[in-house]
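Enquirer: starting from these lines, generate the structure:
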Amino acid sequence: MTLASLILVAAISACGGGTQPQQEQAAAPPAAPAPEPPKAPYYVYVTNEIGGDLTVIDGATNQVVETIPLGKRPRGIKVSPDGTKLFVALSGSPMAPPGTDESKLPPPDRTADGIGVVDIAARKVTTVLTSGSDPEQISLSADGSKVFVSNEDAGVASIIDAATNKIVGEVKVGGEPEGVTTSPNGQWVYVTSEEDNQIAVIDTASNKVIKMFEVGARPRSSAFLPDSSKAYVTAENGGSVHVVNTKDHSVTKTLKITGEMARPMGVIASPDGRRVYVTTGRGTMLLAIDTAKDEVVGSVKVGTRPWGVEISPDGRRLYTANGPSNDVSVVDAETMTVIATVPAGRSPWGVAVK
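Expert: Below you'll find the predicted structure:
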């Protein structure tokens, strides 16, 4: 949709109903153009991995309105379907950037592992759900009753009953699982395996893996189109984005992302399904993919090493979490230009919008 099609112009003329004797009434002036209807208010929630807190940004003003303490290493974040809660993955595992000798790291604090539940109205963590070790990303069932968690150290995906705070299932997936995404139709959960370069497809009816398929090196995240017909998987070290047909969960096309430092990371689909947006990590770019052609059709330079990405409810704004630069880029989705840069906490990682 072009900008021109979004502008509503009302040309309204009025004519007089009565006149004074022997006096002609002047025509009423044209009415002013009708203003755009007000946008529904929304907030942008950003997890800060090193800071251990949550930055809350007003979507209308791009101003930080609050910072909420969370716990250790908050990363993946999702909003409950009813919009009242945030679910945040918390981890007691020490950070291990590429090249780190993990034998020299301090032992993990397993008491810090869990899924923090934030009451949006109260703006505080009200409970921490039990999870497996080192939870990194999360996804929710369509009704919000189940939380699917990728536990990087354990190599399993946990399924948590949100009402009882109990793990009701553990599914063995590939090594170092990271991205976890539920399809909009609620039928599948995709879990990426960084170590094995595979995607595990979990059937939500049986909570069992029904297929494993290969993608590029170190797959990070996935996103489904709104109709669940296709999914897009980012592969960081492969420098690629893989298009998946969900009828048989097979890769139908691989997009090679050019640029020496381009490392596809986060991915999100637009509400209308016409575009998919991908952050490129060290490549410092946000890419737009046309889902009809499955081709890159736009790009914009954002902050340093963008990771998480989300889109506003109306599809007009994109938000990238830029870790090393400690900020969030606000991007106009139509023009692919940065319209604001908002300071966040230390090492922003994940983004949610509601």
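
Enquirer: helix/strand/coil for residue 289?
Expert: Under DSSP: H, G, I helix; E, B strand; the rest coil, residue 289 falls in the strand class.

Enquirer: model confidence score at it, please.
Expert: Per-residue pLDDT puts residue 289 at 99.

Enquirer: that one and residue 249: what is the separation?
Expert: Distance, residue 289 to residue 249, using C-beta to C-beta, to the nearest Å: 20 Å. No exception for glycine: its C-beta is placed from N, CA and C like everyone else's.

Enquirer: of those two, who's got more company?
Expert: residue 289 (22 against 16; other C-beta atoms under 10 Å).

Enquirer: in the stretch 51-200 of the chain, which spans are strands?
Expert: 53-58, 63-69, 77-79, 85-90, 114-119, 124-129, 135-140, 146-151, 156-161, 166-172, 177-182, 188-193, 198-203 (DSSP state E, counting those that start in this stretch).

Enquirer: mind putting these into JSON lines with distance to residue 343 and mean pLDDT?
Expert: Output for those, formatted as JSON lines (distance: least, C-beta to C-beta, whole Å; pLDDT from 0 to 100):
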{"stretch": "strand 53-58", "distance to residue 343": "8", "mean pLDDT": "99"}
{"stretch": "strand 63-69", "distance to residue 343": "7", "mean pLDDT": "98"}
{"stretch": "strand 77-79", "distance to residue 343": "18", "mean pLDDT": "98"}
{"stretch": "strand 85-90", "distance to residue 343": "20", "mean pLDDT": "98"}
{"stretch": "strand 114-119", "distance to residue 343": "21", "mean pLDDT": "98"}
{"stretch": "strand 124-129", "distance to residue 343": "22", "mean pLDDT": "97"}
{"stretch": "strand 135-140", "distance to residue 343": "24", "mean pLDDT": "97"}
{"stretch": "strand 146-151", "distance to residue 343": "29", "mean pLDDT": "97"}
{"stretch": "strand 156-161", "distance to residue 343": "33", "mean pLDDT": "96"}
{"stretch": "strand 166-172", "distance to residue 343": "37", "mean pLDDT": "95"}
{"stretch": "strand 177-182", "distance to residue 343": "27", "mean pLDDT": "98"}
{"stretch": "strand 188-193", "distance to residue 343": "30", "mean pLDDT": "98"}
{"stretch": "strand 198-203", "distance to residue 343": "35", "mean pLDDT": "98"}
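
Enquirer: nearest to residue 320, out of those?
Expert: strand 53-58 (12.4 Å; C-beta to C-beta).

Enquirer: how far does the closest one sit from the chain's center?
Expert: Chain-centre distance of strand 53-58: 15 Å, with C-alpha atoms, centre = their mean, to the nearest Å.

Enquirer: good, wrapping up.
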